[in-house]
Every structure is written in structure tokens, then in C-alpha cells.
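**Student:** this is a predicted model, with the sequence first.
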Amino acid sequence: RLTVNAASERSYIMIKPDGVQRGLVGDIISRFERKGFALKGLKLFQTPQDLAEEHYSELKERPFFPALVKYIVSGPVVCMVWEGPGVVASARKLIGATNPLNAEPGTIRGDFAIVSGRNVVHGSDSPANGEREIALWFKEGELVDWEPTVLPWVL
Ligand code: RTP
Ligand code: MG
């Protein structure tokens with residue numbers, strides 16, 4: 001089990017295969033960096049079927065579940081852990097609505113996507129799910145325990 005600093009909050013953010021294929025990795029990472037959150041984990045990863053199914057297990061009865069899993073395993077993803085106060089809800093705002101047609105311009109999905117089935121990025125929907133997903137996608141030792149020295153200028 002990965003350790004957590006009780007004072008901090010973490011979110012699992014993932015650039016989905018379409019985001020990688022379309023060359024949006026740098027832009028997406030840049031948005032979280034500029035906001036001021038701290039990057040604690042980062043890797044390019046080919047998702048196995050069972051991990052994709054486990055990640056979205058809450059949706060397994062939904063009609064789109066098979067297509068969703070097929071989408072997530074269709075190419076490499078970028079797995080990230082971002083940390084900071086309120087990062088889970090804030091990341092969801094930066095990402096925008098699930099259906100990109102409802103996502104505001106200025107959000108990632110609002111700027112880059114059209115349909116829910118190709119919505120470029122994932123963000124945890126609660127701090128508890130954030131920790132669940134981090135434990136699912138990262139092994140012990142893959143996360144780096146560091147504090148950015150810029151923090152006094154942000155927090
Ligand atoms: P995510 O988990 O990927 O961050 O997305 P979310 O919270 O905004 O939406 P969620 O309800 O968790 O759904 C997970 C992903 O399933 C696909 N989806 N397709 N065709 C559809 O109606 C539909 N609904 C959801 C999307 O890729 C969504 O991000
Ligand atoms: Mg979700």
C-alpha cells in the first residue's frame with residue numbers, strides 16, 4: 001500500500017490513448033503544472049485488459065463498458081499522480097464534463113474533444129477513489145516523495 005501524507009490530497013490523472021496519439025501529452029501536463037499542483041508520479045504505460053476492467057469496475061453493468069475498456073487498452077496511456085489541496089475536485093474542473101460537448105472551453109475536454117468515448121483524459125472522482133486508483137496503477141517505489149521548492153509561492 002502506498003503511503004499518504006494526511007495533510008495532502010492526491011488524484012490519479014491519466015491521459016487516455018487518444019490524448020497520447022494526438023500529441024496532447026505536453027499540453028495536458030502543462031495545465032496541471034501551471035495550476036500549481038505537484039507531480040508525484042508519471043509513466044507511459046500499456047494497460048492490460050484486467051487493469052482497465054478493474055479501474056472502471058463501477059461501470060461494468062453499463063452498456064458502454066466493453067467499448068470503454070477497448071478504448072483504454074487501445075494504445076499507451078500516461079499515468080500520473082498529482083498532489084495538492086483540493087486536487088481531486090480541481091482536476092475535474094480542469095478536465096471538464098464527461099461529454100465534451102458539455103465541457104466549457106478552457107477545459108481539457110472542452111478544448112480538445114467531441115465525444116464521451118474519446119474524451120482524452122481521466123480524473124479521479126473522489127479522494128478515496130484517487131487513492132484506490134493510485135494503488136491500482138502504480139507500484140511501490142514508482143512514486144517519488146519530494147516537495148517542490150516553489151511551494152511557498154503557491155500555497
Ligand atoms: P473518467 O472516469 O474517465 O475521468 O470520466 P468521468 O468521471 O467524467 O465519467 P465516468 O462516468 O466515470 O465514465 C468513465 C468514462 O466512460 C466513458 N463513457 N462513455 N458513451 C457514454 O455514454 C459514456 N459515458 C461514459 C467516458 O470515456 C468516460 O470518461
Ligand atoms: Mg469517472
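**Tutor:** On my side now, so go ahead. Please read these numbers as outputs of a predicted model, since none were measured by experiment. Ligands and ions are numbered 1, 2, ... in the order given.
**Student:** mind telling me what element the closest residue to residue 60 other than its chain neighbours is part of?
**Tutor:** The spatially closest residue to residue 60, leaving aside those adjacent along the chain, is residue 53, at 7.1 Å (CB to CB, 6 or more residues apart in numbering). For glycine as for every other residue, the C-beta is placed from the backbone atoms N, C-alpha and C. According to DSSP states H and E, residue 53 maps onto helix 49-55.
**Student:** any idea of the pLDDT on the residue nearest in space to the middle of the chain?
**Tutor:** The residue lying closest to the centre of the chain (CA atoms, centre = their mean) is residue 13, at 1.3 Å. Note for residue 13: predicted pLDDT of 99.
**Student:** then the one 4 residues further on?
**Tutor:** Model confidence at residue 17, given as pLDDT, is 99.
**Student:** residue 143: neighbouring residues, count only.
**Tutor:** The number of residues packed near residue 143 is 17, by other CB atoms under 10 Å.
**Student:** which bits of the protein sit near ligand 1?
**Tutor:** Taking CB under 6 Å from any ligand atom as the criterion, the neighbours of ligand 1 within the chain are 59, 64, 68, 98, 116-117, 119, 122-123, 125.
**Student:** let me know the helix or strand that residue 97 is in.
**Tutor:** Assigned by DSSP H and E, residue 97 belongs to neither a helix nor a strand.
**Student:** contacting residues for it?
**Tutor:** Residues counted as contacts of residue 97 (CB atoms under 8 Å, 6 or more residues apart in numbering) are 103-104, 107, 109-110.
**Student:** dihedrals phi and psi, it?
**Tutor:** phi -60, psi 150 (degrees, to the nearest 10).
**Student:** check which residues of stretch 38-46 are buried.
**Tutor:** Within stretch 38-46, the residues that qualify as buried by neighbour count (16 or more other CB atoms under 10 Å) are 38-42.
**Student:** what mean pLDDT does it have?
**Tutor:** If you average the pLDDT over stretch 38-46, you get 98.
**Student:** show me where pLDDT drops low in the chain?
**Tutor:** For the chain, the stretches with pLDDT under 70 are 1-7.
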